[in-house]
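> dropping a prediction and its sequence here:
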Amino acid sequence: MIDSILAVIVLIIAGWAIAKNYDAKVVLFIAALVLLYSGLLLGHNVLGANATTGLSWVDPFKVIKDQFVRQYSNAGLIILTLFGFAAYMSHIGAYDMVIKVLTKPLSTSASRSS
């Protein structure tokens, strides 16, 4: 029961801080750490027994690291590929050619109407 009350209190404080225009990333990160460490203090295991680091006070950081790796490894690779492709297309002048080809019909129709 105390777990639920503590979670609701932390979520209300986090919502209040975000509403007061604090940086949402920082607020949510701190709220997650508070909830993970309060879980440890209340006797819960934040990692499975097989995945523990051996130091219970380091386990919340391992949970966060695992979540970052799981969530952002695929997205980061896609973003990196897209930026690389965009830089290469800009380097070879493909963007300029596309703009020239796409604006050509507009320039010929404008010259006919004059």
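The structure has been received and is ready for your questions. Small disclaimer: the values here were computed from a predicted structure and weren't measured. Residues are numbered from 1 along each chain as shown.
> which ones are touching the residue nearest in space to the middle of the chain?
For the chain, the residue nearest the mean C-alpha position is Y72 (6.9 Å; CA atoms, centre = their mean). If a contact means CB atoms under 8 Å, 6 or more residues apart in numbering, then Y72 has no contacts. All C-beta atoms are positioned from the backbone trio N, CA, C, and that covers glycine.
> go with 10 Å
I79 (CB atoms under 10 Å, 6 or more residues apart in numbering).
> relative to D96, how far out is it?
In this view, Y72 and D96 are 33 Å apart by CB to CB, to the nearest Å.
> got it, and L42?
According to CB to CB, L42 stands 61 Å off from D96.
> please apply the same query to I5.
61 Å.
> roughly how far out does the worst-scoring helix or strand of the chain on mean pLDDT sit from the chain middle?
Lowest by mean pLDDT, DSSP states H and E among the helices and strands of the chain is helix 94-113, with a mean of 77. How far helix 94-113 lies from its chain's middle: 39 Å, per CA atoms, centre = their mean, to the nearest Å.
> mind giving me the packing neighbours of it?
helix 59-91 (3 or more CB pairs under 10 Å, 6 or more residues apart in numbering; DSSP states H and E).
> quick check: mean pLDDT of the helix it packs on?
What helix 59-91 shows for mean pLDDT is 84.
> buried residues in it, which are they?
Buried residues in helix 59-91, counted by 16 or more other CB atoms under 10 Å: D59, P60, K62, V63.
> now distance to V27 too, for those, in a markdown table please.
Formatted as a markdown table, the buried residues of helix 59-91 follow (distance: CB to CB, whole Å):
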| residue | distance to V27 |
| --- | --- |
| D59 | 22 |
| P60 | 17 |
| K62 | 22 |
| V63 | 18 |
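> out of these, which comes closest to I78?
Of all these, I78 sits closest to V63, with 24.4 Å by CB to CB.
> in space, what's closest to the closest one - neighbours in sequence excluded?
V46 (5.4 Å; CB to CB, 6 or more residues apart in numbering).
> count of neighbours near the one you found?
18 (other CB atoms under 10 Å).
> next: A7.
15.
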